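Student: One predicted model, sequence on top.
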Amino acid sequence: MAGFLSRLVRFGKDRRAVAAVEFAFIAPILLIMYFITMEAAQAIETSKKVSRLGSMVADLIAQQDNVSTSVLKDIMQIGASTMRPYNRSDPTITITAIKITNDAAADPKVTWSYRGSGTNYTVPFAKNDIVGVPSTLKTAGTFLIKVESQLGYTPVIAWAVDGNKATGLAGIFNNITMKETYYLRPRVMQEIGCFNC
């Protein structure tokens, strides 16, 4: 019995494995902090890219004197390529040409519009639909190009190995919507037409 007690006392005084036990407690916390930091950095970078996408598409269209659906598709594809390597989902890009008449009291109206998401292209608004414009841009007799870029961002923690929807904590963050809207005036002509939109 005395031998057992002396071995137990020696075991209680032995400090050789304390670092390993402490590491076993701290390692999961450090890994969680690492993944959260990595995910936050990627989300911030993706948000910047969504903003850059909208700005670039608006700028390219504002430099045209006339466009067609094929030109708009090409510009949208160029814009969508800026999302790499964060293109886990396709961005949705909505382009709206807006005419503000000389009557300051009249509502701004859609001249033409076009929307692209992946390989799907549609016309979201009919000609002469009323559209909202910020009051600072509502100048009588002007023309605006409005570009809305949107992305459903999927965080790494929401990825499921089998391709199904992630569950648990990761299921809460499975899709974060990032949006940006840009308004630009034409640079070459007073108005930009689209003959087949």
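Tutor: All right, it came through fine.

Student: and the gap between residue 178 and residue 41?
Tutor: In this structure, residue 178 and residue 41 are 15 Å apart, going by C-beta to C-beta, to the nearest Å. For glycine as for every other residue, the C-beta is placed from the backbone atoms N, C-alpha and C.

Student: Can you identify the element that follows the worst-scoring helix or strand of the chain on mean pLDDT toward the C-terminus?
Tutor: Using mean pLDDT, DSSP states H and E, the weakest-scoring helix or strand in the chain turns out to be helix 169-172, at a mean of 51. Elements were assigned by DSSP states H and E; along the chain past helix 169-172, the next helix or strand is strand 176-184.

Student: From the chain's centroid, how far away is that following strand?
Tutor: A distance of 8 Å separates the centroid of the chain from that of strand 176-184, by C-alpha atoms, centre = their mean, to the nearest Å.

Student: buried sites along it?
Tutor: Neighbour-count burial for strand 176-184, counted by 16 or more other C-beta atoms under 10 Å, picks out 178, 180, 182, 183, 184.

Student: which residues sit in contact with the last one?
Tutor: The contact partners of residue 184, taken as C-beta atoms under 8 Å, 6 or more residues apart in numbering, are 58, 59, 61, 62, 144, 145, 147.
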